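>>> Got a predicted model here, sequence first, then my questions.
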Amino acid sequence: MVKTYFNYINGAWVKSSSREKVDVINPANRKVLAKVQFSSRDDVGKAVEAAEKAFDKWRKIPAPKRGEIIFKAAAIMEKKKEQLARLLTMDNGKNLEEARGEIQEGIDITKYVAGEGRRLFGETTPSELRDKFCMTIREPIGVVGLITPWNFPFSIPCWKISPALVAGNTIVFKPATDAPLLGLEIAKIFEEAGLPKGVLNIVTGSGAIVGDEITKHPRIKALSFTGSTEVGRKVYTEGAKRLISVELEMGGKNPEIVLRDADLDLAVDGAIWGAFGTSGQRCTATSRIIVERPVLEEFTKKFLKRVEKIKVGNGLKKGVFMGPIINERQMKKILNYIEIGKREGAKLLTGGYRLMDKEYRKGFFIAPTVFTDVTPEMRIAQEEIFGPVVCIMPAENFEDAIRIANSTTYGLSSSIYTKDISKAFKAMRELESGIVYINAPTIGAEVHLPFGGVKGTGNKGREAGTEAIKEFTEVKSVFIDYSGRLQRAQIDVEY
Ligand code: UN1
């Protein structure tokens, strides 16, 4: 019997009013893992209503007490780590080691922001007037709408849910259409941790119905979205119509620069992990390797040798490095980009095809793919592929490498391999990205640092780290005059 998951609204597990369900498929073998609700706009309405009703009570619970519930949730996640990781591998496809890493990332952010319950710092500052006190306080926004992707179906929801909760907001959350199960598990965890009913509500279903309704609902006061640029633009537009805050984390075309003085073996390690970890399905994935000409041949040879050893398969199997692509549509999109690359004149060095025999037959697997002779204007060097495809691009010198690195509309993550400290620092300044790595791959951000990108990757906000709380709070400036008389700012100033 396949398990059915329900929506989580007002502290109860409920069927969608649509009475429709959809299958959740394991991308490694197309086995049906579970069924989830294919929800309607009406379900979103009910979730908003519950979240609105719960808000007043939740925001008045002292923040350190809210933080304690969040800490408890983190402890439950720790206890369930192995079980969650296995479910994640089946739901999303990434290998078990990476799945454990993702659960850990969710635990880390949850612990980190739980401590905010005892901080949520405001500022105090002197007044220009006598016997007057000035301060800022942070307040929750209200009902927030969260929409998350399938590639990190546990940790990205945690990045959003945990800080939103500790700050005192209530939530309507839509997990991704693919890999929705971990999002639903998060609701179970917070329920067990003692979160009052209505504070966190989860509605599964399609972007076109549930996602669209969340972005348009007039009583949702802030939106936080991670996903494609195409959808992000729509979310931003809807939010703008209502003048609400919208946080966007979107695509990347992340470069790894390899300079002539780099430790080439280290640069190869970084490129393998950055380009093919999670089968390239990370917004931080390395999709361009920009190599200074004098080491181009040697780097390419070493890299190719390692790529050809990559083991592809079901992520539950020991030794598998690269799992499947999330679904057929994404697989076709990636294969189409490979065709585009060939037509554009890039040289296909290895891979470039779907794996079809035996263990691969039922799943969506693509061989790790490397193009060389890629030039900056090619589409495969400009557009996000979101799969195991990487472009090697020659650069004449350091400046040329930086220019190529910056030549896309995205700006999430970038990396440079060099032993030259001044070039490392120059790169840190010149690279147009929200995250820069020196002698480390483009993937693997840690939760206590802000995460997000410049240019087309986002709209300036950052998640996680010290920024996590900002996304989910309003700042209020408070002036307390204890002089007992009218004092007019800018006018009655005495010395
Ligand atoms: C994403 O791909 O959307 O930095 C998030 C990283 C991970 C998070 C990736 N910690 O690669």
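Here it is on my side, so go on.

>>> Quick one: distance of stretch 36-56 to the chain centre.
With CA atoms, centre = their mean, to the nearest Å as the basis, stretch 36-56 stands 24 Å off its chain's centre.

>>> what's the answer for stretch 163-174, then?
With CA atoms, centre = their mean as the basis, stretch 163-174 stands 16 Å off its chain's centre.

>>> Show the end-to-end separation of that stretch, please.
Separation of the first and last residues of stretch 163-174 by CA to CA, to the nearest Å is 16 Å.

>>> So the most centrally placed residue in the chain: helix, strand or coil?
Nearest to the mean C-alpha position of the chain, counting by CA atoms, centre = their mean, stands residue 156 at 4.8 Å. At residue 156 the chain is in helix, as set by DSSP: H, G, I helix; E, B strand; the rest coil.

>>> and the stretch 301-450 of the chain, which residues reach the ligand?
443, 444, 445 (CB under 6 Å from any ligand atom). For glycine as for every other residue, the C-beta is placed from the backbone atoms N, C-alpha and C.

>>> Please repeat the previous calculation with a cut-off of 5 Å.
Neighbours of the ligand within the stretch 301-450 of the chain, by CB under 5 Å from any ligand atom: 443, 445.

>>> try the stretch 101-250 of the chain
Within the stretch 101-250 of the chain, the positions adjacent to the ligand are residue 152 by CB under 5 Å from any ligand atom.

>>> let's see it at 6 Å
105, 151, 152, 226.

>>> Can you tell me which of those end up in helices?
Mapping those onto helices (DSSP state H) picks out residue 105.

>>> closest to residue 28 among the residues of the stretch 101-250 of the chain next to the ligand?
Using CB to CB, residue 151 is the member of those that lies nearest residue 28, at 15.3 Å.

>>> Give me the neighbour count for the closest one.
The number of residues packed near residue 151 is 26, by other CB atoms under 10 Å.

>>> May I have the phi/psi pair for the closest residue to it other than its chain neighbours?
Of all residues not flanking residue 151 in the chain, residue 281 sits nearest, at 4.8 Å (CB to CB, 6 or more residues apart in numbering). With angles defined as degrees, to the nearest 10, residue 281 sits at phi -90, psi 50.

>>> Over to residue 287?
The phi/psi pair for residue 287 (degrees, to the nearest 10) is phi -120, psi -10.

>>> can you check the one 4 residues further on too?
The phi and psi torsions at residue 291 (degrees, to the nearest 10) take the values phi -120, psi 130.

>>> Can you spell out which residues form a bridge with it?
Beta bridges link residue 291 to residue 258, residue 394, judged by DSSP bridges.

>>> Go ahead and confirm it touches residue 395.
Yes - using CB atoms under 8 Å, residue 291 makes contact with residue 395 at a distance of 6.6 Å.

>>> Can you work out which residues contact both of the two?
By CB atoms under 8 Å, 6 or more residues apart in numbering, residue 291 and residue 395 have these common neighbours: residue 257.

>>> So the two - more neighbours on which side?
residue 291 (28 against 23).

>>> Look up how far residue 299 lies from the more buried one.
5 Å (CB to CB, to the nearest Å).

>>> Residue 352 now?
Counting by CB to CB, the separation of residue 352 from residue 299 is 20 Å.

>>> Which of those two has more residues huddled nearby?
Taking other CB under 10 Å, residue 352 and residue 299 do not tie; residue 299 has more neighbours (23 against 18).

>>> which residues sit against the host helix or strand of the more buried one?
Using DSSP states H and E, residue 299 maps to helix 293-307. With contact meaning CB under 8 Å, 6+ apart, helix 293-307 is reached by 258-260, 262, 264-265, 267-268, 271-272, 276, 289, 291, 349-351, 368, 370, 372, 392, 394-396.

>>> Low-confidence bits of the stretch 351-495 of the chain, can you list those?
Residues of the stretch 351-495 of the chain meeting the criterion pLDDT under 70: none.

>>> Show me the strands in it, by range?
354-355, 365-366, 369-372, 389-395, 413-417, 435-438, 473-481 (DSSP state E, counting those that start in this stretch).

>>> Compare these and give me the one nearest residue 236.
Of the strands of the stretch 351-495 of the chain, nearest to residue 236 by CB to CB is strand 473-481, at 19.2 Å.

>>> Output that closest one as PDB, nothing but the C-alphas.
C-alpha atoms of strand 473-481 as PDB (Å, rounded to 0.1, in the frame of the first residue of the first chain):
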ATOM      1  CA  THR A 473      10.900  41.000  10.200                       C
ATOM      2  CA  GLU A 474       9.900  44.600   9.900                       C
ATOM      3  CA  VAL A 475      11.900  47.300  11.700                       C
ATOM      4  CA  LYS A 476      10.100  49.700  13.900                       C
ATOM      5  CA  SER A 477      11.700  52.900  15.200                       C
ATOM      6  CA  VAL A 478      10.500  53.900  18.700                       C
ATOM      7  CA  PHE A 479      11.000  57.300  20.300                       C
ATOM      8  CA  ILE A 480      10.300  57.700  24.100                       C
ATOM      9  CA  ASP A 481      10.200  61.300  25.400                       C
END
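
>>> The residue nearest to the centre of the chain - nearest residue in space that isn't next to it in sequence?
For residue 156, the spatially nearest residue (CB to CB, 6+ apart) is residue 148, at 4.7 Å.

>>> pretty sure that neighbour contacts residue 175?
Yes - between residue 148 and residue 175 there is a contact at 6.0 Å, judged by CB under 8 Å.

>>> still on that earlier bit, which residues does the residue nearest to residue 151 contact?
Counted by CB under 8 Å, 6+ apart, residue 281 has contacts 94, 151, 325, 326, 330, 386, 387.

>>> and of those, the nearest to residue 21?
Nearest to residue 21 among these, with distances taken as CB to CB, is residue 326, at 19.7 Å.

>>> wait, the closest one sits on residue 151?
Yes - Residue 326 lies in contact with residue 151 (CB under 8 Å); the separation is 7.3 Å.

>>> joint contacts of those two?
With CB under 8 Å, 6+ apart as the test, residue 326 and residue 151 both reach 92, 281.

>>> distance of the closest residue to the ligand within the stretch 101-250 of the chain from residue 317?
The ligand sits closest to residue 152 of the stretch 101-250 of the chain, with a gap of 4.9 Å, by CB to the nearest ligand atom. Remark: distance between residue 152 and residue 317 (CB to CB) = 22 Å.

>>> With residue 94 instead?
13 Å.

>>> can you tell me which residues contact the residue lying closest to residue 39 once chain neighbours are set aside?
Spatial nearest neighbour of residue 39, chain neighbours left out: residue 205 (3.7 Å); criterion: CB to CB, 6+ apart. Counting by CB under 8 Å, 6+ apart, residue 205 touches 16, 22, 36, 37, 38, 39, 40, 43, 174, 177.

>>> could you flag which of these are buried?
16, 22, 36, 37, 38, 39, 40, 43, 174, 177 (16 or more other CB atoms under 10 Å).

>>> What I need now is these written out in JSON lines, including pLDDT, secondary structure and distance to residue 232 for each item.
As requested, the buried ones among the contacts of residue 205 are exported to JSON lines (pLDDT from 0 to 100; DSSP: H, G, I helix; E, B strand; the rest coil; distance: CB to CB, whole Å):
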{"residue": "16", "pLDDT": "98", "secondary structure": "coil", "distance to residue 232": "26"}
{"residue": "22", "pLDDT": "97", "secondary structure": "strand", "distance to residue 232": "24"}
{"residue": "36", "pLDDT": "98", "secondary structure": "strand", "distance to residue 232": "23"}
{"residue": "37", "pLDDT": "98", "secondary structure": "strand", "distance to residue 232": "25"}
{"residue": "38", "pLDDT": "98", "secondary structure": "coil", "distance to residue 232": "23"}
{"residue": "39", "pLDDT": "98", "secondary structure": "coil", "distance to residue 232": "21"}
{"residue": "40", "pLDDT": "98", "secondary structure": "coil", "distance to residue 232": "24"}
{"residue": "43", "pLDDT": "98", "secondary structure": "helix", "distance to residue 232": "23"}
{"residue": "174", "pLDDT": "98", "secondary structure": "strand", "distance to residue 232": "14"}
{"residue": "177", "pLDDT": "96", "secondary structure": "coil", "distance to residue 232": "16"}
